[in-house]
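1. curious how this folds, go ahead:
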Amino acid sequence: MKPTVAPFPLARLRRARQSEAIRGLVRENTLTTDDLIWPVFVRDGEGVEEPVPSMPGVMRRSVDKIVEAAKEARDLGIPAICLFPYTDPALKTEDCAEAWNPDNLSNRATRAIKAQVPGIAVMTDVALDPYNINGHDGFVENGEVVNDRTVEALVKQTLSQAEAGADIIGPSDMMDGRIGAMRRALEEAGHDKVMILSYAAKYASAFYGPFRDAVGASGALKGDKKTYQQDPANSNEALRLIERDLQEGADMVMIKPGMPYLDICRRVKDTFGVPTFAYQVSGEYAMIQAASQNGWIDGEKAMVESLMSFKRAGCDGILTYFAPAVARLLRGN
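-> Numbering: from 1, shown residues only. The predicted model follows:
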């Protein structure tokens with residue numbers, strides 16, 4: 001039913017905007033720390049906090065420093081962090097075997113966090129690109145990223161992460177059939193409590209550049225990812241991808257990137273009503289930070305406004321590099 005509004009001056013819509021107290025009473029969406037997942041980058045070494053030049057304020061951290069970041073997240077009320085490894089180039093191979101090594105960076109960081117900060121949820125990334133000498137999310141054969149052999153490898157990676165203690169598995173590879181294969185393997189291995197937050201609608205975007213710098217994948221990538229990541233021109237396809245992943249056993253779904261795809265977030269939430277997340281990716285973060293550092297925008301206000309846009313579009317949560325900054329702001333620190 002379409003809402004009706006009395007004619008002016010009986011209805012003065014500015015009445016609801018006259019003070020902060022009134023605005024708070026009628027506010028439709030609220031951003032809280034419960035909405036945040038903090039993506040963090042883990043690298044080898046000890047006592048290391050290495051800045052990522054294209055992402056001001058973001059660090060690559062050694063495992064001991066990742067544990068400190070997890071403690072910071074816990075203290076700020078951030079419920080989850082997501083691990084992304086910066087893998088030594090010497091460990092990147094054609095067979096990507098480091099992806100399911102029980103002692104790889106991601107698994108070591110997961111075990112360390114669960115041992116010292118057990119209350120925080122750990123999300124891990126499932127894809128082969130951090131371990132692939134070709135820089136792709138799947139195996140490359142004769143210049144083509146192959147699907148079914150890649151899924152077999154992703155299942156091994158999933159099980160290694162679950163055994164390390166991951167609470168949430170985040171498949172970001174966009175191979176067909178991987179959610180069903182992962183879910184069956186988790187169930188058979190007794191990991192029935194492990195959740196899958198599927199990168200179900202991941203677009204072949206220009207906004208990933210700084211992230212690829214952060215994980216060391218930029219130089220390795222040969223070609224592009226358009227044969228498996230989604231065409232930015234498509235919207236209906238995203239709904240088919242979401243529906244498929246839910247039918248295969250995904251608990252939650254994600255749209256990536258975030259702000260350029262708010263229309264997809266809204267369509268997904270309205271259509272399926274499932275826990276819906278968006279990833280405010282590295283390029284989105286870097287643009288806001290760069291404009292702020294140049295004095296072109298108010299960075300703090302732009303940060304909050306950008307995150308509120310996800311809530312307004314129907315998202316239940318957001319992966320964002322702004323997580324600690326906005327959490328401190330929300331807590332008045």
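
2. so what's the closest residue in space to residue 72 that isn't next to it in sequence up against?
-> In space, and not counting its chain neighbours, residue 72 is closest to residue 324: 6.3 Å by Cβ to Cβ, 6 or more residues apart in numbering. To be clear about C-beta, it is placed using only N, CA and C from the backbone, and glycine gets the same treatment. For residue 324, the contacting residues are 38, 72, 73, 76, 78, by Cβ atoms under 8 Å, 6 or more residues apart in numbering.

3. turn the residues you listed into CSV, including pLDDT.
-> Compiled in CSV, the contacts of residue 324 are given as follows (pLDDT from 0 to 100):
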residue, pLDDT
38, 98
72, 97
73, 98
76, 97
78, 98
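
4. between the residues you listed, which has the most around it?
-> Of all those, the most densely surrounded is residue 73 (25 neighbours; neighbours counted as other Cβ atoms under 10 Å).

5. chain center to the helix or strand of the chain with the lowest mean pLDDT, what's the gap?
-> Least confident helix or strand, the chain: helix 209-214 with a mean of 79, by mean pLDDT, DSSP states H and E. Distance of helix 209-214 from the chain centroid (Cα atoms, centre = their mean, to the nearest Å) equals 14 Å.

6. output it as PDB, restricted to C-alpha atoms.
-> The C-alpha coordinates for helix 209-214 follow below in PDB (Å, rounded to 0.1, in the frame of the first residue of the first chain):
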ATOM      1  CA  GLY A 209      43.600  -3.100  -7.200                       C
ATOM      2  CA  PRO A 210      44.900  -2.100  -3.700                       C
ATOM      3  CA  PHE A 211      43.800  -5.400  -2.300                       C
ATOM      4  CA  ARG A 212      45.900  -7.300  -4.900                       C
ATOM      5  CA  ASP A 213      48.800  -5.100  -3.800                       C
ATOM      6  CA  ALA A 214      48.200  -6.000  -0.200                       C
END
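
7. neighbours around residue 47, how many?
-> Residue 47 has 8 neighbouring residues, counting by other Cβ under 10 Å.

8. my bad, residue 31
-> With other Cβ under 10 Å as criterion, residue 31 counts 18.

9. so it makes contact with residue 330?
-> Yes: the criterion here is Cβ atoms under 8 Å, and residue 31 meets it with residue 330 at 7.1 Å.

10. now do the helix or strand containing residue 114, average pLDDT.
-> According to DSSP states H and E, residue 114 maps onto helix 105-116. Mean pLDDT, helix 105-116: 98.

11. what lies in contact with the very next helix or strand once past it?
-> Sequence-wise, the next helix or strand downstream of helix 105-116 (DSSP H and E) is strand 121-126. With contacts defined as Cβ under 8 Å, 6+ apart, strand 121-126 is touched by 37, 70, 79-85, 106, 110, 113-114, 154, 157-158, 161, 164-173, 178, 182, 197.

12. would you confirm that residue 151 contacts residue 181?
-> Yes: assessed by Cβ under 8 Å, residue 151 is found in contact with residue 181 at 5.2 Å.

13. wait, residue 241 touches residue 203, no?
-> No: contact criterion Cβ under 8 Å: residue 241 and residue 203 do not qualify, at 10.6 Å.

14. so for the two, which sits in the more crowded spot?
-> Neighbours were tallied for residue 241 and for residue 203 using other Cβ under 10 Å; the higher tally belongs to residue 203 (25 against 22).

15. the more buried one contacts residue 229, correct?
-> Yes: applying Cβ under 8 Å, one finds residue 203 in contact with residue 229, separated by 6.1 Å.

16. where along the stretch 101-250 of the chain do the strands fall?
-> Assigned by DSSP state E, counting those that start in this stretch, the strands in the stretch 101-250 of the chain fall at 121-126, 140-141, 144-145, 168-171, 195-202.

17. in TSV: those strands, plus mean pLDDT and mean neighbour count.
-> As requested, the strands of the stretch 101-250 of the chain are exported to TSV (pLDDT from 0 to 100; neighbours: other Cβ atoms under 10 Å):
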stretch	mean pLDDT	mean neighbour count
strand 121-126	98	23
strand 140-141	92	14
strand 144-145	94	17
strand 168-171	98	25
strand 195-202	97	25
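
18. before I go, just wanted to say thanks for your time.
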